[in-house]
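**Q** Build me a model:
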Amino acid sequence: MALYDRRTMDGVYSVRQSASYIMNYRYAEERMMRMLAGWIALTPQIPVKLEMARQVYDDALHTDALGKRLPELRSQAQVSRPPNEAFVVFMNTIEDKEEWDDTIERLVGIYRVLKPHLVSHYSAHIAAANPVYEPPTLRILARMVEEEKAHIERGLVLLDDLLDSPEKHRRAANWQLHLEELLAASGGVTGFPEEGEARKKVGRS
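**A** Purely as a prediction, here's the structure:
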């Protein structure tokens, strides 16, 4: 008779916890979609505008897919929920860069900080999710990871084109550090650092 690691079969996240995290992910994706859409008119660089428009569409699909998954996890459809007020502050700080010459800060916030953070969390969720009742979640998150990685790659190319002086490199680095400090203080998109909650639960098993 085959032997199974029951902890692996059960998964780390309960149905309720998985639904809660999906609400957190949906909040981040929805806010990010709205940020990018709002910045299009405020951004002078045409290549950046076009890429933002493409990514608004993808992030809208992510938001919708997450929202449709929630009723299957015994939760209300299309609900977005931040993990805590500190994460809202972090997101607000990214979004508040609305001046004509803030393109560097916008790109740093999205492609050096927010999207990499989300990819890390989505990947950790995929690794820990229940293989029996979570295949739909796994498919959604796997697609999101693939698309967000492509977004990051294209966004960083655009950012690199703008960083044409030591002063601009310093400006980007300082803004990234500031955002990373806010993100760390919030505990991230779920209120926990990457894989933190999963590791704690596994350690108690």
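**Q** going forward, measure contacts and count neighbours with C-alpha atoms only.
**A** Will do.
**Q** Next, the residues that contact the helix or strand hosting residue 50 from outside, please.
**A** Assessed by DSSP states H and E, residue 50 sits inside helix 46-69. Counting contacts by C-alpha atoms under 8 Å, 6 or more residues apart in numbering, the residues outside helix 46-69 that touch it are 22-23, 25-27, 29-30, 32-34, 36-37, 40-41, 43, 77-80, 136-137, 140, 144, 147, 151, 154-155, 158.
**Q** Run a quick neighbour tally on the residue lying closest to residue 13 once chain neighbours are set aside.
**A** Nearest-residue entry for residue 13: residue 129, 6.1 Å, with adjacent residues in sequence omitted and distances by C-alpha to C-alpha, 6 or more residues apart in numbering. Residue 129 is surrounded by 23 other residues when neighbours are defined as other C-alpha atoms under 10 Å.
**Q** Now the element after the longest helix seen in the chain, going C-ward?
**A** In terms of residue count, the longest helix belonging to the chain (DSSP state H) is helix 135-162. Sequence-wise, the next helix or strand beyond helix 135-162 is helix 166-186, with elements assigned using DSSP H and E.
**Q** Report the angle between that following helix and helix 135-162.
**A** In this structure, helix 166-186 runs at an angle of 150 degrees to helix 135-162, with axes from the mean of the first three to the mean of the last three C-alpha atoms, to 10 degrees as the basis.
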